[in-house]
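Asks: Next come a sequence and a model predicted from it.
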Amino acid sequence: MTPAGFTVVLRCSDPRLDVFFEREEHRGALGLGPRSNSDEAYICNVGGLLPFTGARRADLAEDIGTLLSIFGQGHGRVVLTAHSSCGGYETRFPAAPSALRSRQEHDIREVAYHIGQAMPGVRVSSFYLQLEDDIIVAL
Ligand SMILES: [Zn+2]
């Protein structure tokens with residue numbers, strides 16, 4: 001996969017992800033270029049997507065639009081991520097891991113759809129990151 005201009009990555013604040021996103025094979029799987037360049041920006045929250053579910057989806061689209069207009073001349077790509085054993089989701093929705101993952105995947109698809117509608121020129125990719133076994137699942 002070749003990087004498509006400026007990329008906005010939505011991720012959780014979980015510090016384990018700092019290492020995860022640095023790994024070369026992970027960056028390749030996510031379609032990110034070499035880390036040395038400055039054509040990516042991170043939107044980082046507890047739970048990643050969590051603050052942007054429901055009505056606040058529009059706020060996320062607005063933030064992404066702002067970043068792309070400043071750094072990507074209005075073009076670029078969005079990478080949405082959710083991850084396993086996410087403390088943000090676990091705290092908000094006490095549930096079995098499988099139910100939690102279903103919820104995260106539902107949220108990510110809903111947000112991806114909304115961003116696609118709000119910004120038709122922007123490519124949106126979604127991934128579920130299984131930290132424990134180092135697997136990246138494209139959604
Ligand atoms: Zn998390």
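Replies: Noted; the coordinates are in hand. Residues are numbered from 1 along each chain as shown.
Asks: Show me which residues of this structure sit near the ion.
Replies: For the chain, the contact set with the ion under C-beta under 5 Å from the ion comprises C12, D14, C86, G88. Every C-beta, even on glycine, is put in place using the N, C-alpha and C of the backbone.
Asks: The same query, at a cut-off of 8 Å, please.
Replies: Applying C-beta under 8 Å from the ion, we find that the chain lies next to the ion at 12-14, 17, 46-48, 82-83, 85-89.
Asks: Correct me if wrong: H114 contacts R57.
Replies: Yes - counting by C-beta atoms under 8 Å, H114 sits close enough to R57 to count as a contact (4.3 Å).
Asks: So between these two, which is more surrounded?
Replies: A direct count of neighbours by other C-beta atoms under 10 Å for H114 and R57 places R57 higher, at 20 against 16.
Asks: Would you enumerate the residues in contact with that one?
Replies: Residues in contact with R57 (C-beta atoms under 8 Å, 6 or more residues apart in numbering) are E110, V111, H114, I115.
Asks: got it, and I64?
Replies: I64 touches V8, I43, V78, I115, M119, V122, counting by C-beta under 8 Å, 6+ apart.
Asks: And the most centrally placed residue in the chain, how close does it get to the ion?
Replies: For the chain, the residue whose C-alpha lies nearest the mean C-alpha position (C-alpha atoms, centre = their mean) is L80; its distance is 2.2 Å. According to C-beta to the ion, to the nearest Å, L80 stands 13 Å off from the ion.
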